[in-house]
Every structure is written in structure tokens, then in C-alpha cells.
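Trainee: Compute the structure for the input listed below.
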Amino acid sequence: MQKIKQYCTVNQIPYHEFEYPITPKKFIDDLLKSDEELTCPYLKEGRCSIYPVRPTICRMWGAVESMPCSFGCEIEGRLMKNSEAHGLLDMLK
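Mentor: Numbering: from 1, shown residues only. Prediction:
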């Protein structure tokens, strides 16, 4: 989060503290359980305002079964299974 805070300061973007610590595993779990659309405070006019420093979970968007691209983009090969995504995120801790 320090990178995001610094990027926001330099680029004069309002910094947002999340309501609770969001871990990638919790985000994926919440996404799978929720009927609501989860939104990010850094998404402005359909674009990521912190793209160069976006979290790993955002970089995985569109590459994991439970997080398909909302624009219908398709990747070569196959999407990662949720368990594979969890394993990758655990390795990055």
C-alpha cells in the first residue's frame, strides 16, 4: 500500500484507505460469495488511476476463473483456477 500512497501523492490522486485490510485471498473469497458488483475507489471513468502501481490482485483480473474480464477479453491458453491463484498469491506474501 505504500507504493500506492506515494503514487497518489506524486500524481495528486486522492488516497483511499480501505475499510478493512484486503488480502487477495479475502478479495477472491468475497467476490465468489457476493452477488454485488465490487468496485474500486481508484477506478475512474472505467480506467485504473493507479495502473503502474496496481496491486497483484488487480494484475490477475481477467486471468482467473472467478475474475473474468468484464469486457469479454480472452487470454491465450486457459484461465487460472481459483486454487492456483490462491497459491500464487500465497507465494508472493
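Trainee: Tell me the pLDDT of the nearest residue to Met60 once chain neighbours are set aside.
Mentor: Computed as CB to CB, 6 or more residues apart in numbering, the closest residue to Met60 that is not its neighbour in sequence is Ala85, at 6.0 Å. For every residue, glycine as well, the C-beta is placed using N, CA and C. pLDDT recorded at Ala85 is 87.
Trainee: before we move on, what about Thr39?
Mentor: pLDDT, Thr39: 69.
Trainee: Then Lys3?
Mentor: 87.
Trainee: Next up, the contacts around it.
Mentor: By CB atoms under 8 Å, 6 or more residues apart in numbering, the residues touching Lys3 are Val53.
Trainee: quick one, phi psi at it?
Mentor: Main-chain torsions, Lys3, degrees, to the nearest 10: phi -60, psi -40.
Trainee: I'd guessed the residue nearest to Met60 sits against Gly62; true?
Mentor: No: using CB atoms under 8 Å, Ala85 is not in contact with Gly62, being 11.7 Å away.
Trainee: Those two: who's more crowded?
Mentor: A side-by-side neighbour count of Ala85 and Gly62, using other CB atoms under 10 Å, places Ala85 first with 22 against 16.
Trainee: Am I right that that one sits in a helix?
Mentor: Yes: under DSSP: H, G, I helix; E, B strand; the rest coil, Ala85 falls within a helix.
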